[in-house]
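*Asks:* A predicted structure for the sequence below; I have some questions about it.
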Amino acid sequence: MIVRAAVLPHPPLLVPQLVAGASEETEPLRRACLDAARWLAEVTPRWSAVAVDEVGSRVIEPATRGSFAGYGVDVPVSLAELAEDEGRSDPLLPLPALIAGWLREHSGAGEVRVRLVTPELDPDQCWLVGHELVDALSGPEPVALLVLGDSSPRHGDRAPGKPDPRAAEFDEAVREALAAADADALMDIDADLAAELGARGRSAWQVLASVAQSSGVSWRGAVDYSGAPYGVGYHVARWEPAA
């Protein structure tokens, strides 16, 4: 049974060793992400993650290891508590799975199973994935849901993508929906607009919306962080059943 959900971004800048020169500037976002991860770990060591990756939809099991070496520093991570001779090493472990493992290690969770979806997944397919997750995790054991996805990289002069004046309004609408745990508003996000703005987290957010809609309970939400450092929109939010 899914008992809590946290929405986080997954940029490499969360890992201090990868951004030594900008660690202080990125600290508020990092702290919000770690606080949300620890909030999940408070209730259960077992996590299920939904994240966005271009490579394609697949599931990465907890007995997997990886490293941030491809991002400049060899910071090893694992998706579960493993002995040295356990698990499978994946040198191509995608960034959201690496961040999921890093968050797990720094929050005290026991394992995280990562389901990757593509940024192009349409809302109907997102609804199906969320519904399947609710069914798969419907047993008595509590499970926390980690939802990983970045928003638009088109905010202002520091944007890595071409600045787009629509990005601010788009991300404000996402922030409001996350704060209100408004699953209908998340599900109504325009997939074409999200794609134009480069908001690749859209499909993961809509899987979360489906989880809430399919769970049979009402949810409440709170936003711990919403901003666009370096021109990229990031949101950190917590959802839990209202009763």
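*Replies:* Received it, and whenever you're ready, just let me know what you need. Residues are numbered from 1 along each chain as shown.
*Asks:* Can you give the contact residues for the helix or strand of the chain with the lowest mean pLDDT?
*Replies:* Least confident helix or strand, the chain: strand 88-89 with a mean of 89, by mean pLDDT, DSSP states H and E. With contacts defined as C-beta atoms under 8 Å, 6 or more residues apart in numbering, strand 88-89 is touched by A63, T64, R65, G66. Bear in mind the C-beta positions are built from the backbone N, C-alpha and C, glycine included.
*Asks:* Torsion angles phi and psi at the last one?
*Replies:* With angles defined as degrees, to the nearest 10, G66 sits at phi -160, psi -170.
*Asks:* Let me see the contact set for L186.
*Replies:* V174, A177, L178, W205, Q206, L208, A209.
*Asks:* mind listing the helices for this structure?
*Replies:* 23-43, 95-107, 123-136, 166-179, 183-187, 191-197, 202-214 (DSSP state H).
*Asks:* circling back: which one of the contacts of L186 sits closest to A136?
*Replies:* Closest approach to A136 among those (C-beta to C-beta): L208, at 15.1 Å.
*Asks:* re earlier: now pLDDT, neighbour count and distance to L13 too, for the contacts of L186, in a markdown table please.
*Replies:* A markdown table is the format used below for the contacts of L186 (pLDDT from 0 to 100; neighbours: other C-beta atoms under 10 Å; distance: C-beta to C-beta, whole Å):
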| residue | pLDDT | neighbour count | distance to L13 |
| --- | --- | --- | --- |
| V174 | 98 | 26 | 20 |
| A177 | 98 | 23 | 24 |
| L178 | 98 | 25 | 20 |
| W205 | 98 | 27 | 20 |
| Q206 | 98 | 29 | 25 |
| L208 | 98 | 29 | 23 |
| A209 | 98 | 26 | 27 |
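*Asks:* so what's the residue nearest the centre of the chain up against?
*Replies:* Nearest to the mean C-alpha position of the chain, counting by C-alpha atoms, centre = their mean, stands L148 at 1.1 Å. By C-beta under 8 Å, 6+ apart, the contact set of L148 is L8, P9, H10, A49, V50, A51, V52, P96, I99, A100, G201, A204.
*Asks:* Neighbour-wise, which one of these leads?
*Replies:* L8 (33 neighbours; other C-beta atoms under 10 Å).
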